[in-house]
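>>> what's the 3D shape of this:
(one chain, ligands or ions: 2)
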Amino acid sequence: MKDQAEELRIKLKLAEENSAPKTIAVVSGKGGVGKSNLSLSFSISLALKGNKVLLFDMDMGMGNLDILMGNTSEISIVDFLEGSISLKDAVMDGPKGLKYIAGGSGLSHLVGLDAGLVDKFVKELTVIFKEYDYVIFDMGAGITDGTLKFILSVQEIVVITTPEPTAMTDAYAMMKHIHLMDSAIPFYVVINRAQSDKEGLQTFSRLSKVVKSFLDREIICLGSVPDDHVIQQAVRQQIPFILYNEKAQASKALKGISDKYIRRQFSQEPISKNSLHFVSKLKQFLFER
Ligand SMILES: Nc1ncnc2c1ncn2[C@@H]1O[C@H](COP(=O)(O)OP(=O)(O)OP(=O)(O)O)[C@@H](O)[C@H]1O
Ligand SMILES: [Mg+2]
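Ligands and ions are numbered 1, 2, ... in the order given. Now for the predicted structure:
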């Protein structure tokens, strides 16, 4: 009961603050660290709490979110970019009320869009965004000019890394790159494939120290997800791991992460009235080429 009341308060607060959804980009430096699996299960867990969530596969050309949930989408963002459908028609039904836009296949279409299409994209985003509490972008690994514009337009960034030094170095490089363009976007960090909670904490602590000493800023720990073969099984079965086995260690950890994320939403200061919304920021970035 208490949890439900708290969730309701959080929802009301979000609704009051902002009619636009919260926008989150899930990024990593190194590829293959678990962005798509974690962003899918994270989105489902927000949807299970009664939120309206849109998950946007930004790995255009190599999108695989639809495969991870057992749908092979005929329609993707590429169809919109090619002008054959509206953005609203690219929104598909996922599990538990989750909506998603598939990444499709083909080359990245975002770089070098003509101004007319960019304008249409931004306009249609404005319309569909109104329907959601959260819009989550599963970004491809690394940064391109096109994806950087998206990343710089969101309100929050979730950085995924594993404890491997290679992944951590790339995670730091990614944060530095973003930080130098915009030092105000909050960084949340999730350590994936940790061998233990302790390793997760140590990894976060190391990363946090480096960020503090070189970039002079704080990062926020959302938690760690253990290395769990259930995720590999879930991928093979094409069922999001949180639904495949909700009792698995990875699923429990993920739920803890989404609970922590929601609690933080509640305790945060309201978004500054001056801060531009995602769509206006994106428009600015896309048109300033
Ligand atoms: N916590 C985990 N435990 C065990 N295996 C995992 C875990 N997280 C991810 N994996 C494995 O790593 C693979 C890659 O995960 P995923 O596709 O989510 O990464 P990604 O960061 O989205 O990759 P890309 O950079 O290519 O988009 C999964 O198919 C799964 O086999
Ligand atoms: Mg991915």
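>>> any idea what residue 191 is bridged to?
residue 161, residue 224 (DSSP bridges).
>>> report the separation between it and residue 263.
19 Å (Cβ to Cβ, to the nearest Å). (C-beta placed from N, C-alpha, C; glycine too.)
>>> residue 117 now?
40 Å.
>>> which one of those two has more residues nearby?
Each of residue 117 and residue 263 has its neighbours counted (other Cβ atoms under 10 Å); residue 117 has more, 16 against 12.
>>> just to check, residue 190 is in contact with residue 257?
Yes. In this structure residue 190 lies within contact range of residue 257 using Cβ atoms under 8 Å: 6.2 Å.
>>> report the set of residues contacting both of the two.
222, 223, 225 (Cβ atoms under 8 Å, 6 or more residues apart in numbering).
>>> so the last one touches residue 255, yeah?
So the one you mean is residue 225. No. Contact between residue 225 and residue 255 fails when scored by Cβ under 8 Å: they sit 10.5 Å apart.
>>> more crowded one of those two?
Legend: neighbour count by other Cβ under 10 Å for residue 225 and residue 255, higher for residue 225 (29 against 18).
>>> pLDDT score for whichever residue of the stretch 101-250 of the chain sits closest to ligand 1?
With Cβ to the nearest ligand atom, the shortest gap between the stretch 101-250 of the chain and ligand 1 falls at residue 141, namely 3.7 Å. pLDDT, the model's per-residue confidence, is 79 for residue 141.
>>> assign it to helix, strand or coil.
Here residue 141 is coil, with the state taken from DSSP: H, G, I helix; E, B strand; the rest coil.
>>> now the closest residue to it other than its chain neighbours: which helix or strand?
Of all residues not flanking residue 141 in the chain, residue 31 sits nearest, at 3.3 Å (Cβ to Cβ, 6 or more residues apart in numbering). Counting by DSSP states H and E, no helix or strand carries residue 31.
>>> for residue 31, grab phi and psi.
Residue 31 adopts backbone torsions of phi -80, psi 160, taken as degrees, to the nearest 10.
>>> ok, it - contacts?
140, 141, 142.
>>> are any of those residues buried, and which?
140, 141 (16 or more other Cβ atoms under 10 Å).
>>> could I get the contacts of residue 31 as a markdown table with distance to ligand 2?
Formatted as a markdown table, the contacts of residue 31 follow (distance: Cβ to the ion, whole Å):
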| residue | distance to ligand 2 |
| --- | --- |
| 140 | 7 |
| 141 | 7 |
| 142 | 11 |
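>>> can you name the next helix or strand after the worst-scoring helix or strand of the chain on mean pLDDT?
Within the chain, judged by mean pLDDT, DSSP states H and E, the helix or strand with the poorest mean is helix 2-17; its value is a mean of 64. Proceeding N to C from helix 2-17, the next assigned helix or strand is strand 22-27, under DSSP H and E.
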